[in-house]
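[1] Here's my sequence, what's the structure:
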Amino acid sequence: VQLVESGGGLVQPGGSLRLSCAASGFPFSTYVMTWYRQVPGKERELAAHIGTAEDATTYDSSVAGRFTISRDNAKNTVYLQMNSLKPEDTAVYYCNAKRDYGVPRDVWGQGTQVTVSS
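    Sure, this is the predicted structure:
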């Protein structure tokens, strides 16, 4: 059972990155998926969320209109397309899978660093 994030890195302000999170070992399509982000010294915060239905998305107000979350259930992967990046988007981005029945209930990835800087 694991989630593996990839796609982080260093990008200039105004640039774009696409994060990927590959799932294995559990029935991905039955889990709601969320991208969180965390800055050192602060609490982890929700960035974007997608339900089991691929069109059921929600975003934090700080990323709405710039970030797009999507999922490909055939590939067991969730994505976060990040455009118009700002220095305040710098954080470790974590992928989470959650379901309110069965096992496992809650799965976390190891995180990927995104740094927005000139």
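[2] if you average pLDDT over the helix or strand where Thr34 lies, what comes out?
    Using DSSP states H and E, the element containing Thr34 is strand 32-38. The pLDDT scores in strand 32-38 average 98.
[3] Partner strands of that strand, with direction?
    If you go by DSSP bridges, strand 32-38 pairs up with strand 45-50 (antiparallel), strand 91-98 (antiparallel).
[4] neighbours of Thr30, just the number please.
    Neighbours of Thr30 under the rule other C-beta atoms under 10 Å: 12. No exception for glycine: its C-beta is placed from N, CA and C like everyone else's.
[5] no no, Asn73
    When neighbours are counted by other C-beta under 10 Å, Asn73 registers 15.
[6] So it sits against Phe28, correct?
    Yes - counting by C-beta atoms under 8 Å, Asn73 does reach Phe28; the two are 6.3 Å apart.
[7] hang on, the earlier thing: I'd like to know which of the strands paired with strand 32-38 is closest to Glu5.
    strand 91-98 (5.1 Å; C-beta to C-beta).
[8] In contact with the residue nearest to Leu85 when sequence neighbours are not counted, which residues?
    Nearest non-adjacent residue to Leu85, counting by C-beta to C-beta, 6 or more residues apart in numbering: Val116, 4.6 Å away. With contacts defined as C-beta atoms under 8 Å, 6 or more residues apart in numbering, Val116 is in contact with Leu10, Val11, Gln12, Pro13, Gly15, Leu85, Lys86, Pro87, Glu88, Asp89, Thr90.
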